[in-house]
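A.B. asks: can't give you the sequence, but here's the structure:
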């Protein structure tokens, strides 16, 4: 079998481990051949690809980034985009299946290529935010949580030494998993996530409770959190709570508000890109390797239109159709559980 | 409710996070009181205990070890051992339930106290080896895998620079989970676990395959692995494959055998205690915190004789009776999956 | 001897190790007593202090922050400020010497207390930026460089995967040591420091050279770096290169400028407070412990008005008078050395 | 200029950073060419070498191991060994100088080639143990200390939880620098080094003092430490203190002795090869890069027979002749300083 691989969307620790897992499973177990499309769907629609050998994936399980490159190109656009062009290319090159490693957008595009054009595709879910409902956890998430937790550990000592309130902004545009887990691991005094809007009054109450117990408050906030005071217009238009143009993240909005309301010196840290680059944790390496191996097994079972997922300790396959469309939000009980530790 | 806590058996990263989770859930949500028994069941049978306050658990989620101390004392032995004495103590102190955080032995003892004496107990499974079947993963395991993986990463560069074979021994007396996961994460060329005896001939074949591909072989072996050449008598009597008294671990047996058979300079590293001490990973902190919180919730539901476990992404309770007795071994399909990457 | 300790100014990994080193040296070797002033000079001028015992410093070598707290209070201000009040307090409490652990400002204040009021003081230099000329390296600096280097390692994989330019802002208000060392350790393609203004044209040239060699450019910039295009008025008034109010750091100015000029997608990361909190590296723990021990030895030699410093591998004492006033800037030859690796 | 590079002896974090520093300095600043000899002097005497390009050293500052490979071959032996053969090879290939990156043995061999045969050589000192007197610190040492310190941090929690004595064996065959620094950084209660024999009675006394203060003793021992009770015959013949054959390290001798004498359960951990492999710390990357750059500058100054060293914050050159022959032992005052913290 000849398998085309592509990685698409934002960086995510474990991408290379998926590639290595797929290539080794394919070459060693099935005698497969592999080609890599450069920079996600761009490599498909611009016909930019290269053979991947066993040697190419040597030592990859520990490395960050992706040897295939990435982009946000849409496979339905461009000169050679769309199912017909892609099928033509696959026929010419003898490519039996395209394995798309990517997030919601990438997988939805893959599904459409299959639904509308009968393109043989398989998916591997990639989301640092852990926002895909079809999988218990996605690779990269554990690494992001670990990095955010280490940042909390470091900020805490400074907070305590200076009696300051520290506000750490972590990733999570639509869901608060990274904030929830790192906040729980790091012992944060408030965790603010997109799924659970909290008023500034509530946040201030938590912060003051912490101060009353003689401690320095530590607030973890997901980038997608909004104050109810920030109308939707504000947040989409990039205006802050006071109608000023927003620059920086939500942490930059919260820290001065907290300081103003509580009188506690407050500082914002926006963790940013370091959460999604670099060496994956052992957990993510194992998960990514297994997903990569499983997607090749699924190819040999000809389960077109499916993606691989983690359920409990098992790797399963599920229709991309079912897997996309619904967001893996933090359930109320998980937030309630964490909230006990607030304040 | 007044809750007695104890930690028993070997050290395990996350013990303190369990304690913190339990104490905060109890104090904040239910107005509970807590006492800690010193050094596991020893504190029970020697009536050595102290109140635990909210202040005592401050900052504990990230610390290794256990503030309660640990031992391997059997609660049925000693001057004040056995159900009657323990019940008397609980009555005197108004302790409603004893929460035992420990492994197979500890939980079995707890179960017997409940079965035979009606002692109100609850369990939290603690096993660095991940050998309890009732839970998908146990806290401490992820940290051990991470440490072992980092060791593999370091050994690999030396192996490659010198063209050597490195043999790393990791924990796992009866099951090979740490070896399996760290070996997969680190890209080991052979993973040897108790569940899957392999002849020295097979190991040598894997090692030689690696050399033929121009790489330096890296073998990960669980401490409980035995060569079929080592009869049970040998391994239990501490004799090595050649009937010499065994000193050091199985890695110290394998490295010279591999060197002798392949001519490749081979070195053993026994990772030892550093796998079970120190700061837990974020994953283990979250899991341990949730288990600690859940066991207090179970106490308020009066689920005596139960223990808390992880199933998928949920914390469940299960009868200790069912949970103990069967070992969580590495299933054949997980070993087969990993084996594709060997050689 | 009775020794008063205080820590002043911004957080710095190793403060607790200094305290531990001083207290153990004093108690064990000399039978000294210790008091800690809370929150730096505030504890002195508000007479807020407490005895420090051997037990209090247990396990401190590895912890971040300072058990004494910190502030930026000036000892010449406040109700009980100034030499006369401080001498009165020291006489009343039998305090023989005040050991001030702090940066340029703290040490200068200590020197004035000694010069103008004869207050027996000793200094321990504390500067995360390594900007004190009297010491080869100051504790905390190595930790900050390590954290910044790990951030570069992580950003690099994302840069490479996306073909982006990453701009990382690290600490260094007046001197560029953290940028220089982390940039060299991480293999940055341009290092921008306050001592070496570079035009945006030069920066763009370096970035384009990197792109021409097929790599993703990585720029490390110290927070105090300014473009010559930014007049002093701009930078002090918080205006950016285009006269807009500056929000965020210099990286937030540079990344869009680079993107505009080169067409390479560019992203800014401002590392911020995580560089100055948390666990010190082994290097900083050793240095801090030795400085703490040495300052107590200096007290017993009655070297008032001196501070301890690192010279080569030795701890020396030097007059605070000489030690302050001149900045430890990056010398031209060190920048030239690093510059070879640019582009 | 055409420069031949070789790395020799045991693995050491930073070797690749030296190679990268040298190659970039040479190619960018001087238009040099580089060849790498495979596996140290073996590549010289077996004429096994290859060109090194700028591309080959990409990303090397952070990687462990050496892309040149290593061995313990003696350049005076083998078919093409000795000055005449080596000069012939250099003439044929137009190699102007051989840069030897290695320890005492390698440098001494290089010096002899220069002294006896006029071979143009330059040296870069490489010793994980920090045992070369000519340099303040050697690259790799800081990484080894950091790894050993992290191991101490982990062991400590287990020691405290179980009330055990932990004995950690670190590298240091002839000198105790790694033990001294990691022991000081980790807060060890006894540090045992080759330079300072201590009787088992003294060790037991320290251990008991720790226990009396209610703490769990932590002993760090360098591999080259011997008990005076172990006569030289014993240690060289591999007999332990009781005339039994020694297997494992000195920690395996000490732990049972301490347990026997104190009644405190004691456990040995031998850290082994993980100290010398893998990613270098930022400190070591900077030092190694600077040494690599400096040795190429020295080549262009034609300072044959010299090696580069660190003195304070400067890189200097010194005659290999002077630099070898004397061991950089831990001075009495450094041990006395550390000893204050014992017990």
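C.D. replies: The structure has been received and is ready for your questions. Keep in mind that this is a model prediction, so the values were computed, not measured.
A.B. asks: my guess is residue A:288 meets residue A:22, correct?
C.D. replies: No: counting by CB atoms under 8 Å, residue A:288 sits too far from residue A:22 to count as a contact (9.9 Å). Every C-beta, even on glycine, is put in place using the N, C-alpha and C of the backbone.
A.B. asks: so what touches stretch A:70-86?
C.D. replies: For stretch A:70-86, the surrounding residues in contact (CB atoms under 8 Å, 6 or more residues apart in numbering or on different chains) are A:7-11, A:15, A:39-42, A:44-47, A:89, A:98, A:105, A:109, A:112-113, A:116-119, C:161-162.
A.B. asks: out of those, which are inside strands?
C.D. replies: A:7, A:98 (DSSP state E).
A.B. asks: which ChimeraX command selects the buried ones in the contacts of stretch A:70-86?
C.D. replies: What follows is the ChimeraX syntax selecting those of these that are buried according to 16 or more other CB atoms under 10 Å in any protein chain shown:
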select /A:7,8,9,10,11,15,39,40,41,42,44,45,46,47,89,98,109,112,113,117,119 /C:161,162
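A.B. asks: among the contacts of stretch A:70-86, which ones lie close to chain B?
C.D. replies: On the criterion CB under 8 Å from any CB of the partner chain, none of the entries of the contacts of stretch A:70-86 sits beside chain B.
A.B. asks: now, which of the contacts of stretch A:70-86 lie within helices?
C.D. replies: Per DSSP state H, helices hold the following members of the contacts of stretch A:70-86: A:15, A:41-42, A:44-45, A:89, A:105, A:109, A:112-113, A:116-117, C:161-162.
A.B. asks: looking at the stretch 1-150 of chain A, which residue is nearest chain B?
C.D. replies: residue A:149 (3.9 Å; CB to the nearest CB).
A.B. asks: residue contacts, that residue?
C.D. replies: By CB under 8 Å, 6+ apart, residue A:149 lies in contact with A:181, A:182, A:185, A:186, B:282, B:285.
A.B. asks: what about residue A:268, helix or strand, and which?
C.D. replies: strand A:266-270 (DSSP states H and E).
A.B. asks: mind listing residues that contact that strand?
C.D. replies: With contacts defined as CB under 8 Å, 6+ apart, strand A:266-270 is touched by A:151, A:155, A:164-169, A:248-249, A:251-252, A:254-256, A:258-259, C:270, C:272-274.
A.B. asks: please redo it, this time with the cut-off set to 6 Å
C.D. replies: Strand A:266-270 is contacted from outside by A:164-169, A:249, A:251-252, A:255, A:258-259, C:272-273, using CB atoms under 6 Å, 6 or more residues apart in numbering or on different chains.
A.B. asks: who does it pair up with?
C.D. replies: In the sheet, strand A:266-270 lines up against strand A:165-170 (parallel) (DSSP bridges).
A.B. asks: my read: residue A:114 touches residue A:122, true?
C.D. replies: No: the criterion here is CB atoms under 6 Å, and residue A:114 misses it with residue A:122 at 9.2 Å.
A.B. asks: who has more neighbours, these two?
C.D. replies: Set residue A:114 next to residue A:122 and count neighbours by other CB atoms under 10 Å in any protein chain shown: residue A:122 wins out with 27 against 22.
A.B. asks: what about the more buried one, which SS state?
C.D. replies: Assigned with DSSP: H, G, I helix; E, B strand; the rest coil, residue A:122 falls in the strand class.
A.B. asks: now it: how far from chain C?
C.D. replies: Plainly put, residue A:122 is 21 Å away from chain C if you go by CB to the nearest CB, to the nearest Å.
A.B. asks: I'd guessed that residue sits against residue A:295; true?
C.D. replies: Yes: with contact defined as CB under 6 Å, residue A:122 reaches residue A:295; the gap is 5.2 Å.
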